[in-house]
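Enquirer: Next comes the sequence, and after it the predicted model I'd like to discuss.
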Amino acid sequence: MHHASCLCGNVKIEVAGDLPPPNACHCTMCRKQSGHYWASTEVKKTNMTVTGDVTWYQASDRVRRGFCPTCGSFLFFDPLFQDWTAISMGAFDGPTGVKLTHHIYIDNKGDYYDIADGLPQNGQ
């Protein structure tokens, strides 16, 4: 079981089983909402339990983004027509046992940093 939460503890997340390997998204929306690129793991909705209040921002007709209404922590990227939800890696308490595997949407990355970890990079 993996545990995660927002900064203030209002939203708590439990994930059953192992976490899938995370990716880092450099798209404009993730950068604007998180303040930098956003690392997340895609968890089957049936493997997670969320308690507390989550506010959802409908980012497009296919995706909503979830955050804590109290502290503002950006916690979820939720594609409406998929069986998974991406959870912020920064929200997990303690070791996760996973390592970043690749970068996505690097064509939109900020010009103030370089990606130099040798992992695969996907432009879009």
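Expert: Thanks, I have it. Residues are numbered from 1 along each chain as shown.

Enquirer: For burial, what's the neighbour tally of D83?
Expert: 11 (other Cβ atoms under 10 Å). All C-beta atoms are positioned from the backbone trio N, CA, C, and that covers glycine.

Enquirer: so it makes contact with K45?
Expert: Yes - D83 lies in contact with K45 (Cβ atoms under 8 Å); the separation is 5.8 Å.

Enquirer: how about the strands in this structure?
Expert: Using DSSP state E, the strands of the chain run over residues 2-5, 12-15, 23-25, 38-44, 48-51, 55-58, 63-67, 74-79, 84-88, 102-104, 121-122.

Enquirer: Reformat those strands as CSV; add mean neighbour count, distance to Y112 and mean pLDDT.
Expert: Conversion of the strands of the chain to CSV gives the following (neighbours: other Cβ atoms under 10 Å; distance: least, Cβ to Cβ, whole Å; pLDDT from 0 to 100):
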stretch, mean neighbour count, distance to Y112, mean pLDDT
strand 2-5, 20, 28, 98
strand 12-15, 18, 30, 98
strand 23-25, 23, 15, 97
strand 38-44, 20, 16, 98
strand 48-51, 14, 33, 98
strand 55-58, 12, 25, 96
strand 63-67, 19, 23, 97
strand 74-79, 21, 19, 97
strand 84-88, 22, 21, 98
strand 102-104, 18, 16, 97
strand 121-122, 14, 17, 96
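
Enquirer: Relative to T96, which of those is closest?
Expert: Closest to T96 of these is strand 2-5 (Cβ to Cβ; 6.6 Å).

Enquirer: Between its first and last residues, how far does stretch 18-36 reach?
Expert: 26 Å (Cα to Cα, to the nearest Å).

Enquirer: Okay then, goodbye and thanks.
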